[in-house]
Structure formats: structure tokens, C-alpha cells
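1. Turn this into a model:
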Amino acid sequence: MDTYSIIWKNFRRSKRSIYSLYIFLILFIVSLFAEIISNDKPIIMSINDKIYYPYVIEYTEVDFGGVFETTPDYKGHYISKLLNNDNNWAIFPINPHSYNSINFNNTSPNPAPPSMDNILGTDDRGRDVFARLLYGFRISVIFALALTAIGILIGLFFGAIQGYFAGRVDLYLQRFVEIWGSMPELYILIIFASIFEPSILLLIVLLSLFGWISLSDYVRAEFLKGRNMDYVNAARTLGLTDWQIIIKHILPNSLISVVTFLPFRISGAILILTSLDFLGLGVPSTTPSLGELLSQGKDNISAWWLSLTTFVVLVTTLILLIFIGEGIRESISGKSS
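-> Predicted coordinates for the structure are as follows:
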């Protein structure tokens, strides 16, 4: 049985950790189908005995006998009037609101409290909070996974080169890492946010420039320890190249430390995105975001549903990731219970 099989076996013994992993995966998979769960477009509809698929195909009002060549409001007066006919019907998602659709039928001022139409209320612009939480959770997790993956790849690259070749290579690269790590990351984000239009891609690029530094130190230490091991010397004797030794022999044994930090890096990335969105330095306001909802909750203290629901989603996600990380750490140390 290899090392990773033993780690997985130990991990499964921790019920708290394995249940946290299952719950997190279920929540993330559900969020991937957000358009089917929460959308203001029907999944399928029938008008005058003709079947339409608005969820998949873009239609104009002309397609339904109207006069405007624009995307119809499927909850507006014209479509609603058509659907009132006996032979016409439509199947909407469970929550018939998208993350950017505004509920014009709401009689309460925005932000409106939870109701039968908006189960978690609306934000200060009349947008459905449940939809923005669902889409915002998905964006946060995907952002965190992408940022973590890029950080791991860069950290492995620099750490492996420093640790394996050591000497002058390690000395020069270590000075570079120290200088690069001392740069004011927040100020750089503010500068770029004022120059370029905020976007998920821009945040991933900027944060990836600094997110690999701490990981590279651990990888460097593992490679410094492993470069003089007997199995590495045997591989050199057999004529393997340096990169073959790095990739096939030392790297697999060094990945254990990377796996240990993986859930904590994901939770850290989610917190970073939430914090930047809260400060107005993250994604555009039209993009669903947990941080933007928290900011709205701060500005609308009486709208308790904004802060409370976002707080529950954020804390639950972080707790699940922490439990997963603790389970992995205990599994590697062999202390899982």
C-alpha cells in the first residue's frame, strides 16, 4: 500500500473530516448547477403548441409573437399574458430569480425582507439574495481552486529548483523570493484596480504573483532534505537526468506537505476574495459576491438577512475546509481517530 493510500485510509477514519469533505463536495456540485436551480428564464416552455428552451437558446420577443427584437422578460407582462392561456405553459427553476434580475413586483422597499417570492429577501437593488449567495459561493470556490492550483505550480517550480540544485542557484533565488515577498501586495492591488477594470481573471493573475512564496519555502526544505537521500544517489548512478529525478523521485515525496496545506490555502483564498470585494477592490458589483453582500449588510444594518445569510454561508464553508485540513494533517501524522 503506497503512502497516499495510507493517508486516505487514515482520513476516512475521522468521521468529522470525511463528512465535511462530502458536505463540501455536495455543496460545490450543487452550485455548479446554479443556472438550473436559480434562474429567471424557464427551463422549457410551450407557446401555441411550440416548445421553447429559453435556458439553452436565446430568444427575442418576436419569436413569441411580439414586436421587440430584444430578450423578453419571461416574468413580465407580455410573457405572463401568453402563459395565462390554457394551452401554454412554462417550467421555471426552483428559485425563479437570477443573480442580476430585479424583482419589480416586490411591494416592499429594497432591501426587502424574506418573502414567499424571495426566500432570503433582496439586496439594496432588488436582486434575489439566495441567487447571489448560490452564484457567489460557486465563484468563490472556483476562484479559490484556481488561485490555489496556480500558487502550487509556481511554488513547486521555484521550491524544487532551489532545493535540488542548492548552492548559488538557491542563494540567488532565495534573495529574489525575499525581495519579491516584501513588496506591498495590497498597494499593488489598489493601483491595478484603479488602472484596469476589475475582473476575476485580473485578481487571479495579481494574487498568483505572491501566493506561491510561502509554499515554495516548504518545498525547498523537502528538496534540500531529499537531494542527498540514497534513492536519489542511486537514480543519479543509473544515469537519470536532474529533471527526471526531480519529477519522478523527489517531487512525489514532497507533495505530502503540499496536500497538508491544500484546504487551508483554499479557505485563505476565499477569505481574500471576500475581503477584497468587501473593500470594493474585487469583482465588479454586477458579479455575485459574498463580500459585496457583507458590504451591503454593513450599509443596511436593519436588513439583517443580508449579513446573517452571507455570514452563515461563509463560516460554514470555512469550517468545512478547516475540518478537512485537520483530517489530512492528522492522517499524515498517523493520529487520525
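2. Show me the helices in the stretch 151-300 of the chain, by range?
-> 167-181, 185-195, 200-208, 213-226, 230-237, 242-245, 251-279, 290-299 (DSSP state H, counting those that start in this stretch).
3. After the last one, which helix or strand is next? Please name it.
-> Read in the C-terminal direction, the helix or strand following helix 290-299 is helix 304-333, with elements assigned using DSSP states H and E.
4. elements contacting that next one?
-> For helix 304-333, the packing partners by 3 or more C-beta pairs under 8 Å, 6 or more residues apart in numbering; DSSP states H and E come out as helix 3-13, helix 15-32, helix 129-165, helix 251-279, helix 290-299. Glycine gets a C-beta too; all of them are placed from N, C-alpha and C.
5. in that helix, what's buried?
-> Residues of helix 304-333 classed as buried by neighbour count (16 or more other C-beta atoms under 10 Å): 305-307, 309-310, 313-314, 317-318, 320-321, 323-332.
6. ok, now stretch 228-247?
-> Under 16+ other C-beta under 10 Å, the buried positions of stretch 228-247 are Val232, Ala235, Leu240, Ile245, Ile246.
7. Please tell me how far the most centrally placed residue in the chain sits from Leu318.
-> For the chain, the residue nearest the mean C-alpha position is Val141 (1.7 Å; C-alpha atoms, centre = their mean). Distance of Val141 to Leu318, computed by C-beta to C-beta, to the nearest Å: 12 Å.
8. anything in contact with each of the two?
-> Counting by C-beta atoms under 8 Å, 6 or more residues apart in numbering, the residues touching both Val141 and Leu318 are Ile270.
9. Quick one: neighbours of Phe196, just the number.
-> Residues lying near Phe196 (other C-beta atoms under 10 Å) number 10.
10. make that Phe104, sorry
-> Phe104, neighbours per other C-beta under 10 Å, totals 9.
11. That one in helix, strand or coil?
-> Here Phe104 is recorded as coil under DSSP: H, G, I helix; E, B strand; the rest coil.
12. Tell me, what's the model's pLDDT at it?
-> The score at Phe104 is 81. That number is its pLDDT.
13. What of the one 3 residues further on?
-> In this prediction, Thr107 carries a pLDDT score of 80.
14. and it, backbone torsions?
-> phi -90, psi -20 (degrees, to the nearest 10).
15. ok, it to Arg132 distance?
-> The gap separating Thr107 from Arg132 is 21 Å, by C-beta to C-beta.
16. Same drill for the two, tell me which one is more crowded.
-> Shown here are Thr107 and Arg132; by other C-beta under 10 Å, Arg132 has more neighbours (28 against 7).
17. which ones are touching the more buried one?
-> Contacts for Arg132 (C-beta under 8 Å, 6+ apart) come out as Tyr99, Asp123, Pro288, Ser289, Leu293.
18. Share the number of residues neighbouring the second one, please.
-> Looking back up the chat, that one is Asp123. Number of residues near Asp123 (other C-beta under 10 Å) recorded here: 24.
19. again with the third one
-> Pro288 has 26 neighbouring residues, counting by other C-beta under 10 Å.
20. Do I have it right that it meets Tyr135?
-> Yes. Pro288 is within contact range of Tyr135, at 3.9 Å (criterion: C-beta atoms under 8 Å).
21. Now the common contact residues for the two.
-> Tyr99.
22. The closest residue to Ile256 other than its chain neighbours and Tyr4: what is the separation?
-> Closest residue in space to Ile256, ignoring its immediate chain neighbours: Ile332 at 6.0 Å, by C-beta to C-beta, 6 or more residues apart in numbering. Noted for Ile332: a distance of 10 Å to Tyr4, by C-beta to C-beta.
23. could you dump the contacts of Arg132 to CSV with distance to Leu255 and pLDDT?
-> Converted to CSV, those look like this (distance: C-beta to C-beta, whole Å; pLDDT from 0 to 100):
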residue, distance to Leu255, pLDDT
Tyr99, 37, 92
Asp123, 42, 92
Pro288, 34, 92
Ser289, 32, 92
Leu293, 36, 93
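24. quick one: low-confidence parts of the stretch 201-337 of the chain?
-> 334-337 (pLDDT under 70).
25. Just say helix, strand or coil for Ser46.
-> Quick answer, by three-state DSSP: Ser46 is strand.
26. Quick check: bridge partners of it?
-> Beta-bridge pairing for Ser46 (DSSP bridges): Ile51, Trp89.
27. residues in contact with it?
-> Ser46 is in contact with Tyr52, Asn87, Asn88, Trp89, Ala90, counting by C-beta under 8 Å, 6+ apart.
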